[in-house]
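Enquirer: Just the structure for this:
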Amino acid sequence: MYHGGFIRNNSYIGGKFDYYDMVDKDKMSLIEIDGMVKGLSQTYTGSRIDYWYAIGSEDDALTKMTTDFDVSTMCCCVPEFRLVIIYLDHLDLHDDFSIDSDVYEDEISNCVFSQVGSNGVVIEELPDEPRKKPLVVIKEFSDETKKKVSEIPDKLLKIVPAIPTKKAIGVVMRDKEVIPTQLSITPDHDPKDKGKQKVEQDTGSKLEEFFDNELVDINVSNYLSRGRYKQYYEETCEDSSDKSNSDDEDYTPVFDGDDYDQYGVDDDWLDDMDGEFNEAGEWIGADTGASIVASFFVDEDMQVEDNEEMFGAVDSDEEAIGHEANSDDEGGTNDFPEFNPKTDMKNPQFSKGLKFSTAKILRAAIRERAIQDGWEAVFIKSDKTRVRVICKADDCPFELFASKMQHEDTLMVKTYVGEHTCARVFANSMIRTSYLIDKFIDQIKLNPNWATDSLAQTMSASVKAKVSIQQAYRTKRAALKLLESSIREQYARIRDYGHELKRVDPNTTIDIKCDFDNPDQLPVFKRMYICLGALKMGFRAGCRTVIVLDGCHLKSPYGGQLLTAVGLDANNTTWVVAYAMVEMECKDSWVWFLNLLVKDLNIRHEGVGWTFISDKQKGLLPAFDKVIPLADHRFCVRHLWTNFNKLFPGKVMKDQLWACAKATTMAYFTKEMVLMNRMEPGAYLWLTDPAKPAKHWSRSHFNPNLKCDILLNNLCESFNAFILDARGKPIVSCFEEMRVKLMKRIHMRRDKMMSYGSAICPKPRDILEKNKVKAATDCIPSGSGSQQIEVESMGGSKYVVDLEARTCACRRWDLSGIPCKHAVAAINFMRMKPEDFVHECYLKKTYMAIYSNTIKPLNGMNLWPRSDEATILPPQYTRQPGRPKTKRIKDASEKADNVGPKLGKIQRSLKCSNCGVLGHNMKTCHRHLPPKTKKATDLNKKRKLNTEEASSFQAQANSKRKSPLTKNELRQKAKQRAEKLKKKRDDRKAATTKRSNVNVVASAKSQVGASSSKAAASAKASSRSSSRIKENAKGGKK
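Expert: Now for the predicted structure:
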């Protein structure tokens, strides 16, 4: 960009130049150019400057830029990585500069410039009009004009050296001092140093050298026909020889290559211009329908050769050892093609001479090709050295035979007939479970809970063949097992998993207990306890001293149970403290778990001030008495009602039980228990049993210091449902899924609470808002001149609220820590805010203190360092027949509502009226009868013939060579073999079913015999007692 000077007599006088690199032509506009000019110098702001541009070199014609359309035209003419020269004509430097812009436009449009160094040629600009090319025409000077040009002072002009290979065309701009450009730089310089080199001035050129040659009239508009350079040169030369009678035979205009060699060739520019010209060579617009082909003109004397392909990158996984390239290689090769499983298995193509590394890969490729094309393959020969396969359809000519190559373990296709004349098969027998696993294992990994029927439909649509639901089930189950690794391997990495958890968080507690009671004295897994450091520190940071304990069954093949300890956070939601996998719920396992938990939570003085909530699991009560005998213990009222409902069913008894449990004062509890005694004395006696004291299940006996009045252990039940999927996985996968779920939940809850605006957590806030509504509609406070307020309800009851002690006579505020309706009425009466009386355990800052302890991320199993200790073995497990059950038997009250207008029959058990056995009715009694004994039949065995005729016949048959079987005979033989294998499988399955049925019937008979013996014994005892009664009666009469 030349700036700081002005244009006078076809010369650029004064100023200097600067470069702008990496300019995006798609963003060019007049505003963009104005910004570039302002970047050159701030003094240019507000000045009158005209923009002129030339493309490629300084010797090209100039075009004036007045609108954005001119800028777009310039950008269309300039491909990427080309040079555009812009001249800034500062009009205020002209002697005849006028402020009147309209007059100046008229003058400048008609202004005639003389070309420096030309022999009487003037450049006249045509009138302005919308154009796509510089409209400049070269005309010959008159004698008078030549005289004026010769009178121009030398100090205003810079002598320009003549170019011997071409004539100057257009306006040639030069400063008084020689200004170097990219084209004036010698080739020896580095292109990166453009604009920085000093160019030697050629002082030997003179103005007279330009007058030795005669210029011809050339229409520069044809210069825009970029794709037609060569044709244009020939036509121009012919026209010049005819019109001007030029004697210059060495004149060869060079437009196409000389000016652009340093900037490369842009394919997009050539593609855009191709097909956009008419027969006359004029540009007529874009031709979108024509095929675009870029043409390059290369010097005939220069041959460009490249033995490496420019396009088609090869990934590192696709590299293979192929034909060796050497200096004597002439390009051809006789090597046979090789099959690459990583790249060619998606669409295998066969040919004679194709090499396979193993027969397994060849069979997989054949299977893939058969499934894609919809035909079934029959493997006539299939071993490590030979594979012969034909199509299963009759009279289909397809055949492929491959065998091992000599001296190497490689299979080569020797015979290949790829033609098929059969129809497509939808129920394709080539689809196997192993094939489906390899194809859909990634999708199953992303969606492990994929419904089986939906998975089967997706598989059928993908492979374009039928996939049964049973196949989809087996595929999903096998794929999940592969993803989770083998169960035995996971048990062997338990110690490594514990070490990794302690590495990322040293506060984590891990305890593994093994059993060595085996002949080899090897460690067999028994229990594992995990208390993550973040969970431990978070509980200590702000959770209340309330722990909910529960156990749930695991659904993995080795069974076991999961023990969990859950606390309460500031929002009355679950905060998991610790969990452990044990062999079963018993006193020993609970004592072991509680000892570790007490140590982690720093529970002292045998549990004084702590409360544990449970549903009276097996062995838990004795464990409490041994580990924490002074801790408070609460029973889950829901489980208490389940046992209560078995003896005293009905909604009335249920409501009364809950009324006794929800009573907050001793007066209300006594009232409800008296009502229970009136309704059902047996229920009253059941609830007052010393094994079920009221301090374990009624709020009237709870300690108010805990600020917790929950009656259920739904916290643990909620966590068990939260990890439902993990409970069916192997041990490491189970623990890892639980850890990841907890890590994500802590992070999510913390982010949600950070954006919460209130100082009180959401759930306590909702309870307080409900109490505000009740206080406004049901409570009337009365002041006493102190902090003690008397509140009367609409029902006539009165309660005393002590704001200083933060207590209420109803004990709801005492138990929960949230002001009850009576307390809210008293607080409003004293002109205070109820939010200020909420216990600090429900505040947002307490919640954030708890959830600031986040679980640390963990590396994958393949990055864990292996322990040097003995490998832990999985526990013993005996698989039961049939599909393993993953759902527990639910109670009638837990079952979901039946679909439809009628409610299904709900009963506790079935009893057959025919045989008297529980578990079935008379209609299905025949299914449970023992099977009939069948006599073994003699099987017809084939015997060899020992006669002479038979032996001679056999000898003659052996002497004759057997003719090869036809393809149809081979197909029939394969079908017979498949039917025989299927029959064997069916017989084996029937024998297994029969054996299991016999065992069931035998157990049923033993139960029936035991019950009948008990009944006979009871009948004998009753008969004896009746006879004794009769004898006593006779003796009394006597």
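
Enquirer: Please enumerate the strands of the stretch 801-950 of the chain.
Expert: Using DSSP state E, counting those that start in this stretch, the strands of the stretch 801-950 of the chain run over residues 807-808.

Enquirer: Poorly predicted segments of it, please.
Expert: By pLDDT under 70, the low-scoring segments of the stretch 801-950 of the chain are 878-886, 889-909, 930-950.

Enquirer: if you set the cut-off to 50 instead, what comes out?
Expert: 936-945, 948 (pLDDT under 50).

Enquirer: need the contact list for S41.
Expert: Contact analysis of S41 by CB atoms under 8 Å, 6 or more residues apart in numbering lists H3, G4. From N, CA and C alone the C-beta is placed, and that goes for glycine too.

Enquirer: ok, it to S47 distance?
Expert: Relative to S47, S41 is positioned 9 Å away (CB to CB, to the nearest Å).

Enquirer: now F350
Expert: 76 Å.

Enquirer: between those two, who's got more neighbours?
Expert: F350 (17 against 13; other CB atoms under 10 Å).

Enquirer: ok, the more buried one - contacts?
Expert: Taking CB under 8 Å, 6+ apart as the test, what F350 contacts is A365, R369, L400, V413, Y416, G418.

Enquirer: Next step: these restricted to helices.
Expert: A365, R369 (DSSP state H).

Enquirer: so which of the contacts of F350 comes closest to K729?
Expert: Of all the contacts of F350, A365 has the smallest distance to K729: 34.3 Å, by CB to CB.

Enquirer: Burial check on the closest one, number of neighbours?
Expert: For A365, using other CB under 10 Å, the count is 21.

Enquirer: Report the contact partners of it.
Expert: F339, P341, D344, M345, P348, F350, F356.

Enquirer: For the third one, which non-adjacent residue is spatially closest?
Expert: So the one you mean is D344. Distances taken as CB to CB, 6 or more residues apart in numbering put A365 closest to D344, at 7.5 Å, once the chain neighbours are dropped.

Enquirer: Give me the buried positions along stretch 575-582.
Expert: W575, V576, V577, A578, Y579, A580, M581, V582 (16 or more other CB atoms under 10 Å).

Enquirer: Thought I444 was touching M459, still the case?
Expert: No - the pair M459 / I444 is not scored as a contact, 10.4 Å apart, by CB atoms under 8 Å.

Enquirer: shared neighbours of these two, anything?
Expert: By CB under 8 Å, 6+ apart, the residues touching both M459 and I444 are T475.

Enquirer: can you pull the contacts of K355?
Expert: Neighbours of K355 in contact, by CB under 8 Å, 6+ apart: F336, P337, E338, F339, M405, T410, L411, M412.

Enquirer: let's go with 7 Å and repeat that
Expert: K355 is in contact with F336, P337, E338, F339, T410, M412, counting by CB atoms under 7 Å, 6 or more residues apart in numbering.

Enquirer: which one of the residues you listed is nearest M922?
Expert: Taking CB to CB as the measure, M922 lies nearest F339 of those, at 65.5 Å.

Enquirer: ok, what's across the strand from the closest residue to the closest one other than its chain neighbours?
Expert: With sequence-adjacent residues excluded and distances taken as CB to CB, 6+ apart, F339 is closest to F356, at 5.1 Å. F356 has the following beta-bridge partners by DSSP bridges: L411.

Enquirer: Is F356 in contact with E338, as I believe?
Expert: No - assessed by CB atoms under 7 Å, F356 is found out of contact with E338, at 8.1 Å.

Enquirer: out of the two, which sits in the busier spot?
Expert: Taking other CB under 10 Å, F356 and E338 do not tie; F356 has more neighbours (21 against 16).

Enquirer: Need the pLDDT of the more buried one.
Expert: Note on F356: pLDDT of 94.

Enquirer: Likewise for V674?
Expert: pLDDT at V674 comes out at 95.

Enquirer: need the contact list for it.
Expert: No contacts exist for V674 under CB under 7 Å, 6+ apart.

Enquirer: hmm, back to that, would you point out the most distant pair within the buried residues of stretch 575-582?
Expert: Using CB to CB, the buried residues of stretch 575-582 span at most 21.9 Å, a distance reached by W575 and V582.

Enquirer: Could you report the distance from the residue nearest to F339 to F702?
Expert: For F356, the distance to F702 - CB to CB - is 76 Å.

Enquirer: swap in A978?
Expert: 72 Å.

Enquirer: Who has more neighbours out of these two?
Expert: Taking neighbours as other CB under 10 Å, A978 and F702 compare with F702 leading, 23 against 12.

Enquirer: Tally up the residues packed near the nearest residue to that one once chain neighbours are set aside, please.
Expert: Of all residues not flanking F702 in the chain, L815 sits nearest, at 6.0 Å (CB to CB, 6+ apart). For L815, the count of nearby residues is 22 (other CB under 10 Å).

Enquirer: Does L815 touch R699 like I think?
Expert: Yes - using CB under 7 Å, L815 makes contact with R699 at a distance of 6.2 Å.

Enquirer: Overlap of the contact sets of those two?
Expert: By CB under 7 Å, 6+ apart, the residues touching both L815 and R699 are T664, D709.

Enquirer: Show me what stretch 709-718 is in contact with.
Expert: 548-550, 564, 566, 574, 613-615, 636-638, 661, 699, 702, 815-816.

Enquirer: give me that answer again for 8 Å
Expert: Applying CB under 8 Å, 6+ apart, the set of residues contacting stretch 709-718 is 546, 548-550, 564, 566, 568, 574, 613-615, 634, 636-639, 661-662, 664, 697, 699, 702, 812, 815-816.

Enquirer: how about that stretch: buried residues?
Expert: For stretch 709-718, by 16+ other CB under 10 Å, it's D709, I710, L711, L712, N713, N714, L715, C716, E717.

Enquirer: Let me know the closest of those to T475.
Expert: E717 (33.2 Å).

Enquirer: For the closest one, what are phi and psi?
Expert: Backbone geometry at E717, expressed as degrees, to the nearest 10, gives phi -60, psi -40.

Enquirer: Same check on D496?
Expert: According to degrees, to the nearest 10, D496 has phi -60, psi -40.

Enquirer: list the contacts for the closest residue to it other than its chain neighbours?
Expert: The shortest distance from D496 to any non-neighbouring residue, by CB to CB, 6+ apart, is to W864 (4.3 Å). Counting by CB under 8 Å, 6+ apart, W864 touches R493, D496, Y497, H499, E500.

Enquirer: For the third one, what are phi and psi?
Expert: Pointing back at Y497 there. phi -70, psi -40.

Enquirer: these two touch, right, it and C734?
Expert: No - contact between Y497 and C734 fails when scored by CB under 8 Å: they sit 11.0 Å apart.

Enquirer: Let me know the pLDDT of D267.
Expert: 40.

Enquirer: How about N245?
Expert: pLDDT for N245: 43.

Enquirer: do the same with P448
Expert: If you check P448, the pLDDT there is 78.

Enquirer: give the contact list for it.
Expert: P448 neighbours (CB under 8 Å, 6+ apart): L480, D725.

Enquirer: hang on, the earlier thing: buried subset of the contacts of stretch 709-718?
Expert: 546, 548-550, 564, 566, 568, 574, 613-615, 634, 636-639, 661-662, 664, 697, 699, 702, 812, 815-816.

Enquirer: So which of those residues belong to strands?
Expert: V546, V548, L549, D550, T564, V566, L568, T574, I613, S614, R634 (DSSP state E).

Enquirer: would TSV of these with pLDDT and distance to D836 be doable?
Expert: Converted to TSV, those look like this (pLDDT from 0 to 100; distance: CB to CB, whole Å):
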residue	pLDDT	distance to D836
V546	94	24
V548	93	30
L549	93	35
D550	91	36
T564	95	36
V566	95	30
L568	94	22
T574	94	28
I613	93	30
S614	91	36
R634	92	30
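
Enquirer: Relative to H839, which of those is nearest.
Expert: Of those, the one sitting nearest to H839 (CB to CB) turns out to be L568, at 12.4 Å.

Enquirer: And the buried ones among the contacts of A365, selectable in ChimeraX?
Expert: A single ChimeraX command selects the buried members of those (16+ other CB under 10 Å):
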select :339,344,348,350,356
